[in-house]
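# After the sequence you'll find the predicted model.
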Amino acid sequence: FQVQRGSQPRVAELYAVRSLFSGSPLGLNKLQVSHVKALSQVLFLTPHLPAFFLRRRLRSHVLEIRHLDRAMLRLGLGQLSEEELKAACYLRGLNPTRLGMSECRAWLEQWLGLSCKLQASEASLLANSMVLLSLNYVGAKE
């Protein structure tokens, strides 16, 4: 997979494999507990709960972000201040410390392009995309 080689997947590539994330093997209810714990940590959620609660809370949190994404898309990224843009990136798994407004806006546009097209049943893809789209983002690397 290209993330392991240091590159970042395109939104279209992630969207093309969305069906894998709604059922087996990568649906939220099918993921290994260690994977759910790792995703929970990315979202700043405590991983110290029984698996059922971890999955339920992760799903709820990701769907809340998806709801916020749709509202942000309607509002328009141009309406957000630099602080709001950086906070939005951070909430979605990207460290914006070394990014300017244009880089944050570009990443959020990419993120919204995926998030706002996904269904609730594809919450696992959205959670995993927080890692896949931010891990090798140019400019965010230290």
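That came through fine.

# sec struct for residue 47, please.
Of the three states, residue 47 takes coil according to DSSP: H, G, I helix; E, B strand; the rest coil.

# contacting residues around it?
36-38, 40-41, 54 (C-beta atoms under 8 Å, 6 or more residues apart in numbering). From N, CA and C alone the C-beta is placed, and that goes for glycine too.

# so where's the protein shaky on pLDDT?
Filtered on pLDDT under 70, the chain yields the residue ranges 1-7, 136, 138-142.

# can you give me the helices for it?
Secondary structure of the chain (DSSP state H): helices located at 11-16, 33-42, 51-75, 82-91, 101-115, 123-132.

# List the buried residues for the longest one?
Of the residues in helix 51-75, those with enough neighbours to count as buried (16 or more other C-beta atoms under 10 Å) are 54-55, 57-59, 61-62, 65-66, 69, 72.

# Confirm for me that residue 114 is in contact with residue 14.
Yes - under the criterion of C-beta atoms under 8 Å, residue 114 makes contact with residue 14 at 5.8 Å.

# quick one: common contacting residues for the two?
By C-beta under 8 Å, 6+ apart, the residues touching both residue 114 and residue 14 are 125, 129, 133.

# Taking the chain centroid, which residue in the protein is the extreme one?
residue 50 (22.7 Å; C-alpha atoms, centre = their mean).

# Report the separation between that residue and residue 57.
Distance of residue 50 to residue 57, computed by C-beta to C-beta, to the nearest Å: 11 Å.
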